[in-house]
Every structure is written in C-alpha cells, then in structure tokens.
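Peer 1: Quick one: sequence and predicted model below, then my questions.
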Amino acid sequence: MSVVAVPGSKSVTARALFLAAAADGTTVLRRPLLSDDTDGFAEGLTRLGYDVRREAEEWHVTGRPQGPAAAEAEVFCRDAATAARFLPALAAAGHGTFRFDASAQMRRRPVAPLTEALRSLGVDLTHEEAEGHLPLTVVADGIKGGEIDLDASLSSQFLTALLLTGPLTAEGLRIRVTGIVSVPYVEITLAMMRRFGVTVTREGDTFVVPPGGYRAVDYAVEPDASTASYFFAAAALTGRSATVPGLGAGALQGDLQFVEVLRGMGADVEIGPDSTTVTGTGRLSGTTVAMRDISDTMPTLAAIAPFADGPVRIEDVYNTRVKECDRLEACAVNLRRQGIQVETGRDWIEIQPGTPAPVEIACHGDHRIAMSFAVAGLRTPGTTFDDPGCVKKTFPGFHAFFAGVRAEWGV
Ligand SMILES: O=C(O)C1=C[C@@H](OP(=O)(O)O)[C@@H](O)[C@H](O)C1
Ligand SMILES: C=C(OP(=O)(O)O)C(=O)O
C-alpha cells in the first residue's frame, strides 16, 4: 500500500484566494496548491492591489470588501481559466480600469457568457481583439446588482465567477442558469461561500445571492481530487494500492467520484471519513460512463481505456473540447498513434481494447493529457512526451513525484 499525499486543490485554492480578497479581515490559507495556475491567480490579486503574503504552505490574504486597491492594473492570467474568469468579475465590483490578458491557449477559450452577463449588469467591459475572448478591459464603478440569465453549458466557471461576486454588489444577484455543466464545481463554490459567511439560496434554476460581505477565516485547502485520479488509475492499472489522505467522504470535490468509475471497472475502492483507497484487482472491464460532472478525469480514463477487456465509452463531455486543448480530439489522436481503435462524436469517445505502442505523446500544452498518458505509460514502456513541463499548470513536481510512487510499487 502506498500513501500518496497529493498537492492541494486548484479549484479550492482559487476560490479561497477570491473569497479571502473579498472578505473583511485577513484570511490564512493552509496548504494551498503551489502551481502555475494558483501562482498566476495570487499574482493577479497582488496586481489588483490586494495584500497577499505567501510563505510556502501558508498564505495570508488581507481582504478589501470595497474592491481592488489599485486604480489601474494589468493582469496576466497565464493558462488559468479560474483567474481569467473569476478575477474580471471581482475587479468589476470595484472602481478602476483593469485589463486582463492570458496565454495564447487561454485567449482561445470562451468567456462570452460571463462578460455578457457583466455587461447586462451595467459593467463597462471591452474585448480588445475577438469578442468573447481575452484580452479584455473592465472600467469598473461598482455593480448595483439585479437579475441575469446565464448559459453555463460551456463552463460552470461563469456561474462561479458571478456567485462569488454577488455579495460584493449593492443589491445582490439573481442568476437564472440554463444548460449547466460541471455541477459539482458549483457545489464547491456554494460550500466555500458559506464557510466565508454567505449563504446562497435556490429557487428552481435561479441562484439568489444576497448582498453583504464575506468574513475572513482560517482555511485548510483539501488535496486535489483531479490530481488524485492519476494515482487511483495507476493503482487500478497495475494491481497496486493507492491511499490518498485528506480526501474522504466529506471532500468538497466532485472529481473524487472518479473512483466510482474505477470501481465499476473492477477496482476495489474504500472511501473512509478522511481518505480514499483504490486497489487494483488485476482486471479492468469495459464501461460506458457519462462524465459531464467530472470531465477533468475524462483523459485519465481515456488513456488507460485500451487496457480494459472491453470497449470504454465516455459520454456527455462536449465541454472538454474547450479546455486547455480539445481534449476529446487530443485523446483520440494520441490513442490512434498508439495503434488503438478510437471513435469520437460531438460529445463522446469510444476506445477499443488493445496494446498501445510506445510513441511520443502530443501534450497540446495540456497538463491533463501529459499526466494521463504518463499513467498509461506504466504499461507501455518507452512512452515519451513532447512537452512534459506542461504539468506545471497544476502539479509542477508531477514527474518526480510519479517516479517516487513507481519506485515504491516496483512498476
Ligand atoms: O471551477 C473550477 O474550479 C473548475 C471547473 C471546471 O471547469 P468547467 O466548469 O469549465 O467544466 C473544471 O474543468 C476546471 O478544471 C476547474
Ligand atoms: C480545465 C482545467 O483548468 P481551468 O481551470 O483552466 O479550466 C483543468 O485543470 O483541467
């Protein structure tokens, strides 16, 4: 058995940073994720004029309920959609001129439903190049609040941005949502807002966010469940056992449900109060699974799918096409290059059993493609990567850490 202590959650760290910045008082963040995304988020807050002090595993953020201290700022969101979608909403609730830009990868990803919603609330927001994409400039003068419609079928992050911002508006927000994906991420948002003192209520499809401030707290970040999926999958694939501490029955993150997919394929799964263990049984059966709620783990499953004894079909994952890359396409192309038979449709992929050939994996600058195929590489010696460093988005130390687990398992 191996105890695999994975780094903190990206999603929880980003939300905690936002909430801490918006709260009255100084928040202590324990064991935040140290990665490019969260570094970019924290740097963005600093640029907006917030006081963020980072000491390794403990970050201190002094909030400003009235909004950014800076009257003008340029924020570079790197590859992080959390920063690119949450920070413009935070800035809009303040007063000043704030410009947001991002990497080429993030510039390609949509923000239109969010920016249209902000505009309908009266925010002066201009897209500099392509409409609905970064770079964009917000000329902020507070948000009065009110009622808005939001299409969250491409990303739940638009809704999270507005929910987090709601308490900073004068009258609160009523957000009527259609077509939502990644619902468990919205649950993380609501649970964390409650922890910082704000309760959102629901009336059917409408989220009702009251005005009134957040309070600073002492917040421990739980380990990242999407990152844990690589070690759970590796255990299932190699007949080993992986225990991830800090992620148990009370975990906030929906991606922990990936272990239920592995259970359905034949792995032994034990979810304790504060840890989860997956033990491989030497067998992986084929499966059909809808991953709309846990789509960051789609590449994890796709990469190990050829080792199942029947077809693996993953459905309802259209929005994986607008992540760091078109993940359905990237998985299909890499699997085909390995000699595996794959079919894809608009929102699904089906992978046939086979023996993958060792090839160079095309990462498309996507940390999840790299980490997923590294797991599959346990059974395909000779697998290499065109851009192994792209893991820095959420887990800069992944390759060394993974090598340590392999050494412990002797695989
Ligand atoms: O809110 C969040 O922290 C996230 C929401 C999900 O995105 P979508 O809502 O775009 O699916 C997920 O894929 C992403 O990694 C993190
Ligand atoms: C989709 C992801 O990230 P982002 O927060 O940039 O959307 C991801 O981490 O898989």
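Peer 2: It's in. Ligands and ions are numbered 1, 2, ... in the order given.
Peer 1: would you list every one of the strands in the stretch 151-300 of the chain?
Peer 2: 173-178, 201-203, 206-209, 214-215, 218-220, 241-245, 268-271, 275-279, 287-290 (DSSP state E, counting those that start in this stretch).
Peer 1: how about TSV for these, with distance to residue 43, mean neighbour count and mean pLDDT added?
Peer 2: (Each C-beta comes from the backbone N, C-alpha and C, glycine too.) Shown next, in TSV, are the strands of the stretch 151-300 of the chain (distance: least, CB to CB, whole Å; neighbours: other CB atoms under 10 Å; pLDDT from 0 to 100):
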stretch	distance to residue 43	mean neighbour count	mean pLDDT
strand 173-178	27	18	98
strand 201-203	34	10	97
strand 206-209	27	19	98
strand 214-215	21	20	98
strand 218-220	19	15	98
strand 241-245	29	21	98
strand 268-271	36	16	98
strand 275-279	32	22	98
strand 287-290	37	16	98
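Peer 1: of those, which approaches residue 48 most closely?
Peer 2: strand 214-215 (16.2 Å; CB to CB).
Peer 1: quick one: strands adjacent to that closest one?
Peer 2: Sheet pairing for strand 214-215, assigned by DSSP bridges, gives strand 23-24 (parallel).
Peer 1: so how far is the partner strand off the chain centroid?
Peer 2: Mean-position distance between strand 23-24 and its chain equals 25 Å (CA atoms, centre = their mean, to the nearest Å).
Peer 1: any residues touching that strand, and which ones?
Peer 2: Residues external to strand 23-24 that are found in contact with it (CB atoms under 8 Å, 6 or more residues apart in numbering): 63, 65, 196-197, 213-217.
Peer 1: near ligand 2, which residues of this structure?
Peer 2: The chain comes close to ligand 2 at residues 80-82, 296, 323, 368, 394, as judged by CB under 6 Å from any ligand atom.
Peer 1: Could you pull up phi and psi at the closest residue to residue 62 other than its chain neighbours?
Peer 2: Excluding the flanking residues, the one nearest residue 62 by CB to CB, 6 or more residues apart in numbering is residue 51, at 4.1 Å. Main-chain dihedrals, residue 51, degrees, to the nearest 10: phi -90, psi 110.
Peer 1: Could you check how many residues crowd around residue 51?
Peer 2: 14 (other CB atoms under 10 Å).
Peer 1: Where does the stretch 301-411 of the chain get nearest to ligand 2, which residue?
Peer 2: The stretch 301-411 of the chain approaches ligand 2 most closely through residue 323 (4.2 Å), counting by CB to the nearest ligand atom.
Peer 1: Can you give me the pLDDT of that residue?
Peer 2: pLDDT, residue 323: 98.
Peer 1: Distance check, it against ligand 1.
Peer 2: 6 Å (CB to the nearest ligand atom, to the nearest Å).
Peer 1: and what of residue 409?
Peer 2: Residue 409 sits 27 Å away from ligand 1 when distances are taken as CB to the nearest ligand atom.
Peer 1: next one: residue 275
Peer 2: Counting by CB to the nearest ligand atom, the gap from residue 275 to ligand 1 is 23 Å.
Peer 1: What parts of the stretch 1-150 of the chain come near ligand 1?
Peer 2: So the stretch 1-150 of the chain meets ligand 1 at 11, 14, 82 (CB under 6 Å from any ligand atom).
Peer 1: How about the contacts made by the nearest residue to residue 139 once chain neighbours are set aside?
Peer 2: Closest residue in space to residue 139, ignoring its immediate chain neighbours: residue 124 at 4.1 Å, by CB to CB, 6+ apart. The contact partners of residue 124, taken as CB under 8 Å, 6+ apart, are 138-141.
Peer 1: just the helices in the stretch 101-250 of the chain please.
Peer 2: Assigned by DSSP state H, counting those that start in this stretch, the helices in the stretch 101-250 of the chain fall at 104-107, 112-120, 157-165, 183-195, 225-238.
Peer 1: could these be laid out in TSV, adding mean neighbour count and mean pLDDT?
Peer 2: Listed next are the helices of the stretch 101-250 of the chain as TSV, based on neighbours: other CB atoms under 10 Å; pLDDT from 0 to 100:
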stretch	mean neighbour count	mean pLDDT
helix 104-107	16	98
helix 112-120	21	98
helix 157-165	27	98
helix 183-195	19	98
helix 225-238	27	98
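Peer 1: Turn the ones you listed into CSV, columns for distance to residue 264.
Peer 2: CSV is the format used below for the helices of the stretch 101-250 of the chain (distance: least, CB to CB, whole Å):
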stretch, distance to residue 264
helix 104-107, 33
helix 112-120, 33
helix 157-165, 28
helix 183-195, 18
helix 225-238, 11
